[in-house]
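Novice: need a 3D model of the sequence below.
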Amino acid sequence: MGLLTPIAVKLGSFSWMPRLLPQITWIDKQLQRLTRGRVALVGLAGLPSLMLTVKGRKSGIARSTPLLCVPYGADWLIAGSSFGAPKPPVWAANLRASETAQIRYGGRDLTVTWRELEGDERDRAWSAMNVIWPNYQRYQDTTDRVIPVFQLSKI
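Specialist: The predicted model follows:
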C-alpha cells in the first residue's frame, strides 16, 4: 500500500466511476505503453496491477486490459468487476473462451492459464481481494450479477 492508496480507494467508491472506465483504461494503456509497462495508474496508487492480453473470442485479435490484481501465492487474482457496472467486462468473456492468456506483471511478460473460482474457494479469494481493494464488496453490493473471480497461474 502506498500514500495514494486511500485516495484511490475513495475515488473507486464513487457511483459514477463505471462511466469513466473507458477513459481510465485508455490513459492507463498509454502510460504503460510510454513506460514499457513500468508504470501503471493503479501502481501509482501503491496497488498491484497487471496487463492482461487475451484474444477476442469473435475477432481473434489480441486485446490488452490493465487490471488491478491481487498476488495470491505464486498466482494472481483478478475480478471482472467493472466498478460494479451491470454488465461484465468483455475481457472476462474473452478469457473464458481462451485456454491461456498473456500478462505483463512487474515488467515481465508471462503466459498464464486461468480458472474461474466458485464456492468456498471463491469466497476465500474474495476475502483476500477485499483486503487489497475494499471497493470490490461495494461493487458486488451495487450489481445484480455475481462478479467473477479468476485465478491466473504461470505456465
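Novice: and the residue nearest the centre of this structure?
Specialist: L67 (3.0 Å; CA atoms, centre = their mean).
Novice: what about that residue, which SS state?
Specialist: strand (DSSP: H, G, I helix; E, B strand; the rest coil).
Novice: ok, it - contacts?
Specialist: For L67, the contacting residues are 49-52, 78, 91, by CB atoms under 8 Å, 6 or more residues apart in numbering. (C-beta placed from N, C-alpha, C; glycine too.)
Novice: put the alpha carbons of the lengthiest helix in the chain into PDB.
Specialist: Longest helix in the chain, counting residues (DSSP state H): helix 17-34. In PDB, the C-alpha atoms belonging to helix 17-34 read as follows (Å, rounded to 0.1, in the frame of the first residue of the first chain):
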ATOM      1  CA  MET A  17     -16.800   5.600 -11.800                       C
ATOM      2  CA  PRO A  18     -18.200   3.000 -14.300                       C
ATOM      3  CA  ARG A  19     -18.900   5.800 -16.800                       C
ATOM      4  CA  LEU A  20     -15.200   6.800 -16.700                       C
ATOM      5  CA  LEU A  21     -13.800   3.200 -17.200                       C
ATOM      6  CA  PRO A  22     -13.100   3.600 -20.900                       C
ATOM      7  CA  GLN A  23     -11.100   6.800 -20.300                       C
ATOM      8  CA  ILE A  24      -9.300   5.400 -17.300                       C
ATOM      9  CA  THR A  25      -8.400   2.300 -19.300                       C
ATOM     10  CA  TRP A  26      -7.100   4.300 -22.300                       C
ATOM     11  CA  ILE A  27      -5.000   6.600 -20.100                       C
ATOM     12  CA  ASP A  28      -3.500   3.500 -18.300                       C
ATOM     13  CA  LYS A  29      -2.700   1.800 -21.600                       C
ATOM     14  CA  GLN A  30      -1.000   4.900 -22.900                       C
ATOM     15  CA  LEU A  31       1.000   5.300 -19.700                       C
ATOM     16  CA  GLN A  32       2.100   1.700 -19.700                       C
ATOM     17  CA  ARG A  33       3.000   1.900 -23.400                       C
ATOM     18  CA  LEU A  34       5.100   5.000 -22.900                       C
END
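Novice: contacts for it next, please.
Specialist: Counting by CB under 8 Å, 6+ apart, 11, 38-42, 51, 64-66, 82-85, 104 sit against helix 17-34.
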